[in-house]
Each structure stands twice: as C-alpha cells, then as structure tokens.
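1. fold the stuff below for me.
(4 chains)
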Protein chains: 2
Amino acid sequence: MARARKTSAPPAPTNAEPLDTSVLEGLIGYNARRAAIAIGGVFFERMAPYGLTQADFSVLALLAHNPGATSRQLCATLDILPPNFVNLIAALDRRGLIERRPHPRDGRAVGLHLTEAGHALAQETEKVVVELENELAGRLTERERTTVQRLLQKFYLRAER
Amino acid sequence: MARARKTSAPPAPTNAEPLDTSVLEGLIGYNARRAAIAIGGVFFERMAPYGLTQADFSVLALLAHNPGATSRQLCATLDILPPNFVNLIAALDRRGLIERRPHPRDGRAVGLHLTEAGHALAQETEKVVVELENELAGRLTERERTTVQRLLQKFYLRAER
DNA sequence: TATTGTTATACTCTATAACTATA
DNA sequence: TATAGTTATAGAGTATAACAATA
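-> Now for the predicted structure:
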C-alpha cells in the first residue's frame, strides 16, 4: 500500500509536479468514483458507434433478460427517477429498439419489450461491453475480478443487512 | 458468485417484482458506478452540515497536504476541467477557507493555501469522512478493504502500465 | 508558441412538484 | 388513498471555444 511521502513534507510543488494524493487514495468513495468515471469514459468511446449511454445499455440488457418489465421496475432497479426515465424510454422507442405493450394485469402500467432490432443491438453491445470489461480487468487476476465485484456490491445492494 | 435464475426464464415479472440483474452485476463498470453513487449519497448527507461537495472536500484535503498547489495541479489531479474549477475555488475563497497568493516562480499561476478556518474545516471533515468510510467498510475485512482500494486504483491511475 | 487562469455558454444529468388514469 | 406514467422545470455537473496575461 504505502503511498509515498506523507511524513516528510513535500518541497512546495511546482506547476507540473504531481500532488500527494495519499489521503484521497485511502478512501473507498474516492477510488470508486474515480474508477467509475474512468471506466465510463472508455464505455462511452466504445458505445459511440451504437449511440448508447450507460443507462441506455443497462435498460436494453435488463429488457433482454426481463421481457415485459415496466418503467417502474427498471427505475427501481437502476435507481433512476421516473421523470428522468421518460425521455430515455421515448428515445429507445423512436429508434425502434423497444415496444410498449399494455400490461396484462395492470391498466396503469406498460410492459416494455425489445423489438427484433432491439434484441440484435442488445446482443451485439453486450458482446462489446464484455470484451471491454475483459480488457479492463486484464490487470486483475480472475480471483481479484470477482472479489472486487462482490465487494462493490456490498455498498449498493441492500441485501440482507 | 452465481447470481440466481438466468437459466429458467423468469415468469414475466409483475410490477413490484425485482428484475434479474445478473448480467449487469457481472460488470465492473456497473458495480463501480452504483457503488460510487451510493457512497456519494451518504457522503452528501454527512457533509451537509459543512456545505462541502465531494469535489470541495477533495480540494481542501489536497491543499492540506499540498500547500501552495495551483489550480492547474488540482485540476490535473482530480480530473476537473479548468473552467469548471473557477467557481469552485471562488466559492471556497468567498467562504474564507482558502487564500490565493502569487506563485513564487510563475507569474501566471496562483498558489492556493488553506486559511486558519480552512485548516480547521479540512481537519474536521477529514475525521468525519474517515469515520464514514469506517462504517461503510464495516462489511469488509481489513484485507478486503485494502484489496478493493488497490484494485480500483488500477482503473484510473495510469501508473506504469 | 505554449500555458495559467478566466469568461461565456451549451448540453447533459439529476431532482421536485404536480397532473392523469387507473388500482 | 396509492401507484404508473407523464409534464414542466430548476439546478448541478460537465463540455468547448475563446480571451488576457505571462512564460
């Protein structure tokens, strides 16, 4: 761990000199945020050809495995506020990637389904993302990879706590 | 790991039913993002009495250990664009937490320093954040805690790769 | 010519209040 | 009365272009 000089005061950094970041790098919140932003940047680049944000991709991926899910379910799962979900869904609909069908047991709700094109895009982008993840995780052993996933989930999955 | 039903198709979820999130939870990017958001929410609550965002806190913490650092250095370290840094610094200045002094060796630059009040606030909020981190990390062993930090840093620290 | 700090500005993301139609 | 979906809107965060002062 030992994150460099924290004992002997650094000699007043000049403009291009790096700063002592040992305090921040000891914080899980800081590390998670920086990692998420960095990974998000790569995600954005790779998804540019498909025009999908992280949220878009998450919705398609969820619908691929949860056909007929409602906006309410997707919002709850992804922690998105319903008003902010409307445009996202509308855009996917306009692109012909999803279809809204009346919910079989609730007249208020709308069941969301992937179209043929939506299925194809979900499948292709999922492959791209998995490949991206494999590259990113290249610096980690298989064991480290599953470990970091499990540990991160403890912070946002309410589970049985 | 095994993240529940992925084989047998779920029976068309009803409105309150949880969705199958196994695909997303296998992605480090997704997990890092969700964890960062969750931790950020708790951070926001605890820092509300001090009126500090994560960025504000990061700047104060860095200045506490890097007196005289310039905006350019802080921007590079925290990955903030200079135009977005101006208001942040100006607000800290208005609150009397930092001081801008002419840079000893570069007339273009400004050396940033914590004031007495800034030092006090940095010290107090650092204690609060460390306590918060200890609570969050309570579900992790000490070894897991250092592991997750080290692994996350691999994604955003360019290091020797 | 390049860099530091800055202004102006636009675009995205996120958050709240309030409405409608169904339950 | 409560919930699903929606509208309008405000605020925060993030992005680019362009400028003055200094290197």
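
2. give me the local confidence score for the residue positioned nearest the centre of chain A.
-> Central residue of chain A (C-alpha atoms, centre = their mean): residue A:54, 5.3 Å from the mean position. We have a pLDDT of 98 for residue A:54.

3. was I right to think it contacts residue B:34?
-> No - the pair residue A:54 and residue B:34 fails to qualify as a contact (C-beta atoms under 8 Å) at a distance of 10.6 Å. All C-beta atoms are positioned from the backbone trio N, CA, C, and that covers glycine.

4. hey, what's in contact with both of the two?
-> Counting by C-beta atoms under 8 Å, 6 or more residues apart in numbering or on different chains, residue A:54 and residue B:34 have no common neighbour.

5. so the residue in chain A that DNA strand C sits nearest to, which state does it fall into?
-> Going by C-beta to the nearest atom of the strand, DNA strand C is nearest to residue A:107 of chain A, at 2.4 Å. Recorded secondary structure, residue A:107: coil (DSSP: H, G, I helix; E, B strand; the rest coil).

6. just read off the phi/psi values of it.
-> Dihedral pair for residue A:107: phi -60, psi -20, per degrees, to the nearest 10.

7. what parts of chain A come near DNA strand D?
-> Residues of chain A lying near DNA strand D by C-beta under 7 Å from any atom of the strand: A:37, A:70-72, A:75, A:82-83, A:85-86, A:89-90, A:103, A:106, A:108-110.

8. measure the residue of chain A closest to DNA strand C to residue A:16 for me?
-> Here the criterion is C-beta to C-beta, to the nearest Å. By it, residue A:107 lies 64 Å from residue A:16.

9. does chain B sit close to the lowest-mean-pLDDT helix or strand in chain A?
-> Least confident helix or strand of chain A, by mean pLDDT, DSSP states H and E, is helix A:142-156 with a mean of 93. Yes - using C-beta under 8 Å from any C-beta of the partner chain, helix A:142-156 reaches chain B at A:144-156.

10. now do stretch A:39-54
-> Yes - using C-beta under 8 Å from any C-beta, stretch A:39-54 reaches chain B at A:39, A:40, A:43, A:54.

11. closest one of these to chain B?
-> Of all these, chain B sits closest to residue A:39, with 4.1 Å by C-beta to the nearest C-beta.
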